[in-house]
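>>> coords please:
(chains A and B)
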Amino acid sequence: MKKLLTMVLALVMLCTLCLTASAEEPVTVNFWSMWNSGEPQATVIEEAAAAYEAETGVHVSIEWKGRDINTLLSAALESGESIDIFEDDYNRIGQVYAPYTYDLTEMAEAAGYADNSYAVFNNQAIAWAGYLNSITEQPQVGGVFYDKDAFAKAGIEAEPTTWAEFLDVCAKLKEAGIAPLAQDGAYTNFSFYYHLVRYLGEDAIAELRDNGGWAQSEGAVKAAQDIIDLVNAGYLVDGAPDEYPSSQNKIGTGEAAMVVCANYVTSEINAIFGELNWGLFNYPAVDGGAEPTAAYAGANSLAISSYSEHPQEAFDFLMFLVTGEYDQKMADTAAQIPADPHNTAPASLTGTVETLVAADKPMTWCGALNTHEAWATMKSMFTELFEGKYASGEDFCAAMDALY
Amino acid sequence: MRKNKALIVCFIAPTVLCLLAMYVYPVCRTVLMSFFHVESLTADVSAWSFNGVENYAKIFHNAGFLISMRNFLLIWLVGGAITLAISLLMAVILTSGIRLQGFFRAAIYLPNIVSAVALATMWVQYIFNYDYGLLNNLLTMLGLEKFRWLGTDAKFWAMLAAYIFGSVGYYMLIYISGIEGIPTDLYEAATIDGAKKVKQFFSITLPLLKGIIKTTITFWSINATTFYLWSKLFSPVQTESSTIVPVVYLYDTVFGGKGVVTRDAGAGAAVGVVLTLIIIAVYLITSVTLKSNDLEY
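Now for the predicted structure:
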């Protein structure tokens, strides 16, 4: 009897163990985010994670790492930290973290991701990493952002497409008592780079970076001279180039009408002064310029670690977040361009989706110059250009050559 | 009493192990790394490639690093001279028995208990601001033109002035503690002998503060070498040549910057080693030139 009882108990224990072992553990996906808890983006991600868990049972565990996530990610990925999804500038994902990123090509094809994203970012990611290794979350586009009400007050009906038209617009704004252009010192490099790209294109700028010869470059001299003329004409708002964000804020106060920046400038100003009637036009083309239309495009993107144990679950969550309902919610809440072109941009970013859809190759954020060893000095010289420190384009270019 | 060696080892071991793991190992690894080409800070040693002193040659030929060193030297020398001189002057005044000295001590020390971020924001947004800053309001009241305090020419000095304002109280307290440790008999005897306050300062206070001055110079050197936060707060979006300092250069070299994806942990390590050598050199020079042990009281 004892033997039988022992056998039955042993059998019961065995069955219990088997049942326990076979019961599936809920899948958890670890997500390192570049946002801080409480930020609009973080709020939407939390909501999306909760909805995704309710729908699929997959738990998304989020760690808010903030903007300095780039100081943590390399070490974390190299040491095999338990990360399934991470988030950063797509430039770094494509070039720095590429060895630790999952090839998303097949999953993206199966999900039809190409139809719900911008080719400009996907192509660039593939060009850097050799395969699709990031999913765009927060697209950015650069250009001239302006206050439509200020344009209306000055009687300006059409957006300028050439530098000559742009100067006409500046003159009309000045006549109407509105300073045409706001310019913070932090973005003088971006503004001048944009102008330089119009004359030379990024490849020619990269040659100047490597070999010098600025004074011999007609385009570089003209670009610098244009800025000097712009400053001398009094088209910058009083105090410009000012300390960020003092100058751009003058669009909010109605003192200035335009600013050359990326789209986040609109949400920064709206956050202080309330919703402005924003417009956007591409940086004007210059006569005989090599690159009349390229627009800055950048993105904060999401990637899956190459060693993730749950890549499909992670990818499905990314699709849940960057397309459809939650992408629209992100665009509305964080006042950003939707990652899914089928969604609608906030009113202040009207036209940005169309600009990105039409773009095939992005202009970088000073990418052809920022690897130069004297980049910090160059940036200060660009600010000096807007401060009116150089008498002519030749003087400026000679000073640039002196750095070599 | 017989020493229990095992017990001593047990007590010391955790501290020694922590010291080895948290201080000695990182220092050794950094020094070693500075002689190798290493892209990522945490790259496996097998991925390092030896390149001798190339990292040092690279940083000393780099315009950004040289500007950062120039800025560092100005902070250390000019900022140090002004800060320590004002601190000493304040300390002497506040130990001379003036009225409300407790209030003045607290008021001068106050910036030290305010977050550096808040302090720098106050300077940038409310004192140096072009449109409504205190300084430009004063200039306007005097009928003068507004000045661009945060323009490329003046930004470094604006940053240094703000930093000095935030630092004086700290060094003043150190000097006050040193002055209060000097026996009052010496001053009384000097007063009876007819020595004026200025004479007393140069003949009694200053010589007896040599040890304290050495300490403050070392502290200032360390603070100037590790200067980072103020530079970032005065250039919040991107590094600028007017505010770049070696630690910011190191950070950008190791982690990249806005739109910059190139990284060089080996060169960053070389910067770290150079900064450490500077601190050691300053300490040795001050130890040799300011011997505090030749006076006793």
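
>>> switch to C-alpha atoms for all contacts and neighbour counts from now on
Noted.

>>> per-residue pLDDT, A:Val12?
pLDDT recorded at A:Val12 is 66.

>>> and for the closest residue to A:Leu200 other than its chain neighbours, the neighbour number?
In space, and not counting its chain neighbours, A:Leu200 is closest to A:Ala290: 5.1 Å by C-alpha to C-alpha, 6 or more residues apart in numbering or on different chains. If you count neighbours by other C-alpha atoms under 10 Å in any protein chain shown, A:Ala290 ends up with 17.

>>> would you mind measuring from A:Ala290 to A:Phe145?
23 Å (C-alpha to C-alpha, to the nearest Å).

>>> one more: B:Leu89?
53 Å.

>>> more neighbours: those two, which one.
Counted by other C-alpha under 10 Å, B:Leu89 and A:Phe145 do not tie: A:Phe145 has more neighbours, with 25 against 13.

>>> so the helix or strand containing B:Ala162, near chain A or not?
Here B:Ala162, judged by DSSP states H and E, is contained in helix B:155-180. No - no part of helix B:155-180 sits near chain A under the criterion C-alpha under 8 Å from any C-alpha of the partner chain; the closest distance found is 9.9 Å.

>>> sketch out the low-pLDDT regions of chain B for me.
By pLDDT under 70, the weakly predicted segments of chain B are B:1-3, B:258-259, B:292-297.

>>> so which residues on it come close to chain A?
By C-alpha under 8 Å from any C-alpha, the part of chain B that sits against chain A consists of B:40-43, B:62-64, B:129-131, B:148, B:150-152, B:235-242, B:255, B:259-262.

>>> selection in PyMOL covering whichever of those residues are buried, please.
Those of the residues of chain B next to chain A that count as buried under 16 or more other C-alpha atoms under 10 Å in any protein chain shown are selected in PyMOL with:
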select buried, chain B and resi 40+41+63+64+129+130+131+148+150+151+152+235+238+239+240+241+242+255+259+260+261+262
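
>>> residues in contact with the helix or strand just after the helix holding B:Ala162: which ones?
The helix or strand immediately downstream of helix B:155-180 is helix B:184-192, counting by DSSP H and E. Applying C-alpha atoms under 8 Å, 6 or more residues apart in numbering or on different chains, the contact partners of helix B:184-192 are B:200, B:204.

>>> now do the residue nearest the centre of chain B against chain A, distance only.
Chain B has B:Asn223 as the residue nearest its centroid, 1.8 Å off, counting by C-alpha atoms, centre = their mean. Noted for B:Asn223: a distance of 23 Å to chain A, by C-alpha to the nearest C-alpha, to the nearest Å.

>>> please apply the same query to B:Leu144.
Separation of B:Leu144 from chain A (C-alpha to the nearest C-alpha): 15 Å.

>>> run a quick neighbour tally on that residue.
11.

>>> doesn't it fall inside a helix?
No - B:Leu144 is assigned coil when assessed by DSSP: H, G, I helix; E, B strand; the rest coil, not a helix.

>>> residues contacting it?
With C-alpha under 8 Å, 6+ apart, B:Leu144 has no contacts at all.

>>> just the element for A:Val197, please.
helix A:188-200.

>>> same for that helix, what does it pack against?
Contacts defined by 3 or more C-alpha pairs under 8 Å, 6 or more residues apart in numbering or on different chains; DSSP states H and E place helix A:188-200 against helix A:218-232, strand A:256-262, helix A:375-387.

>>> for the residue of the stretch 201-350 of chain A found nearest chain B, give its distance to A:Gly252.
Per C-alpha to the nearest C-alpha, A:Gly239 is where the stretch 201-350 of chain A lies closest to chain B, at 6.1 Å. Counting by C-alpha to C-alpha, the separation of A:Gly239 from A:Gly252 is 15 Å.
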